[in-house]
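In: I would like the atomic coordinates for the input below:
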Amino acid sequence: LIISTIDNSTMTMPQQHGSAWHIQLFFAILLSCISVCTSYPMIAEVEETKCFRFNVPEDDDAHMVFVAIPFEMKDNGEEWFVEQLNQLIKGRDEDEGLPTEFLGKPDDELQSYMTEFVEENEEETGFTIKIQKPRRPILKQHDFEWFKPLVLNYVVESHGLHEMEDGMLGGYSVCFEPYDADRTAHIIFDVILDSDDMFDEDSADEGDSKVLKKEHLTPLESNLAKSITSSHKVLNEMRYMENREARMRRTADGINSRIRYFSYLSIAVLLGVTYVQVSYLKQYFKKKKII
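Out: The predicted structure follows:
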C-alpha cells in the first residue's frame, strides 16, 4: 500500500551494473522490513482541505478507518485513540472487515472531557471526508462526529471498481474538507489492504507471529521486475547511443583530417604550378630578348 500527500552524464558499464545491484538490494531490504514492521495509524492536522493518495493492487481491496478529535486534546487522550484504532485494525474479521466501534473504554477523566466537549460544541465536527478516484465522481462522502470511528470496509468491492480498472494499481484520493472555517482538528486514520496479515505482538512472543506471505508480494515483485527490465532497456539504449556517438566522432575526425590534408596538398600544387609558370615565362622572355 503506497500513500502520498497531494498538495545526465554517461555511466560506464561497471557503474551501471552496480546501480542495478544497489536498486535490487534496496528493494530486498525494504521487503524484509515490511514483513516484520507493525503498522500504526497516521495523524493529520486539518485546518483547510487536505488530501492523501493511496493505491490498491489488482485483485485486492482496502479497509479505512477514521476518527476526529479536537486539536487541543492532551497527548494522553490522543495516544488512547491511536491505540484504539490500532486494536480495531487488529480485530479485523476475514468476512466482515473492521469493527465499527472501539473495543476499549476510555478512563473516567477522558470520558468526562469527551462528554463536556460534545455538550459545548455539538457532535458534528465541521469536517467532511470525500473518497474518489481521479477524474471520477465522488465514491463516498461522510461528515465526521467527534470521537466516533468512521469505518469503511471493502472500498473497492462495495463500488465494483475492479471492473473499471485498466492498470495494475487503482489510485484513490481521501480528502478532509472543513465546512466550518473556525475549527481545527486532528484526524487519526489508517488504510489497510485486505491481503495484509496484521502483526500480532502477543502471538509473536509465542512464536506464532504472522508475516507477509509470498503471494502478497506478487504484485510488488511483478512491478519490480518490470522496473528492472525497463531500466535495462534504458541502459542498453544509452550504451547504443554512446557507441553511435563514438563512431560518428571517429568518422567526423577522419573527414576533417582528409579535408586538412587535401588543403595542404592543394596549396603545394598551387605553389608548384606558380613556380613552373614563372620559370617558363622567364625563360621565354630571355629567348625573345625581351628582358
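In: quick one: mean pLDDT for the lengthiest helix in the chain?
Out: Longest helix in the chain by number of residues, with DSSP state H as the criterion: helix 218-287. Taken as a whole, helix 218-287 carries a mean pLDDT of 88.
In: who are the packing partners of it?
Out: With contacts defined as 3 or more Cβ pairs under 8 Å, 6 or more residues apart in numbering; DSSP states H and E, helix 218-287 has these neighbours: helix 13-34. Any C-beta I mention is one placed from the backbone N, CA and C, and that applies to glycine too.
In: helices or strands next to the helix or strand following the helix it packs on in the packing?
Out: Where DSSP states H and E defines the elements, the next helix or strand beyond helix 13-34 is strand 42-46. The contact analysis (3+ Cβ pairs under 8 Å, 6+ apart) places strand 42-46 against strand 169-178, strand 185-193.
In: in the longest one, what's buried?
Out: To tie it back to what came earlier, the one meant is strand 169-178. Judged by neighbour count (16 or more other Cβ atoms under 10 Å), strand 169-178 contains these buried residues: 170, 172, 173, 174, 175, 176, 178.
In: dump these to JSON lines, plus pLDDT and distance to residue 82.
Out: Putting those into JSON lines (pLDDT from 0 to 100; distance: Cβ to Cβ, whole Å) gives the following:
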{"residue": "170", "pLDDT": "53", "distance to residue 82": "28"}
{"residue": "172", "pLDDT": "81", "distance to residue 82": "23"}
{"residue": "173", "pLDDT": "85", "distance to residue 82": "23"}
{"residue": "174", "pLDDT": "88", "distance to residue 82": "18"}
{"residue": "175", "pLDDT": "89", "distance to residue 82": "22"}
{"residue": "176", "pLDDT": "89", "distance to residue 82": "17"}
{"residue": "178", "pLDDT": "88", "distance to residue 82": "22"}
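In: closest one of those to residue 241?
Out: residue 170 (36.3 Å; Cβ to Cβ).
In: low-confidence stretches in the protein?
Out: Scanning the chain for pLDDT under 70 picks out the ranges 1-40, 159-170, 181, 197-218, 291.
In: now do the SS call for residue 135.
Out: Reduced to three states with DSSP: H, G, I helix; E, B strand; the rest coil, the structure at residue 135 is coil.
In: how close does residue 270 sit to residue 276?
Out: Residue 270 sits 11 Å away from residue 276, going by Cβ to Cβ, to the nearest Å.
In: please enumerate the helices of the stretch 51-200 of the chain.
Out: Taking DSSP state H, counting those that start in this stretch, the helices of the stretch 51-200 of the chain run over residues 75-90, 108-121.
In: for the longest one, what is the distance to the chain centroid?
Out: In this case it means helix 75-90. Distance of helix 75-90 from the chain centroid (Cα atoms, centre = their mean, to the nearest Å) equals 28 Å.
In: same check on stretch 268-281?
Out: Using Cα atoms, centre = their mean, the offset of stretch 268-281 from its chain centre is 77 Å.
In: with stretch 106-114 instead?
Out: 40 Å.
In: rewinding a little: what angle sits between the longest helix of the chain and strand 169-178?
Out: On the basis of axes from the mean of the first three to the mean of the last three Cα atoms, to 10 degrees, helix 218-287 is oriented at 110 degrees to strand 169-178.
In: just how off-centre is helix 218-287 within its chain?
Out: For helix 218-287 - counting by Cα atoms, centre = their mean - the centre lies 45 Å from the chain centre.
In: equivalent analysis for stretch 126-138, please.
Out: That offset, for stretch 126-138, works out to 21 Å (Cα atoms, centre = their mean).
In: so which bits of it are buried?
Out: For stretch 126-138, using 16+ other Cβ under 10 Å, the buried residues are 126, 127, 128, 129, 130, 131, 132, 133.
In: of those, closest to residue 68?
Out: Nearest to residue 68, judged by Cβ to Cβ, of those is residue 127 at 6.0 Å.
In: that closest one reaches residue 186, doesn't it?
Out: No - the criterion here is Cβ atoms under 8 Å, and residue 127 misses it with residue 186 at 10.5 Å.
In: list the residues that contact both of these two?
Out: Common contact partners of residue 127 and residue 186 (Cβ atoms under 8 Å, 6 or more residues apart in numbering): 46, 68.
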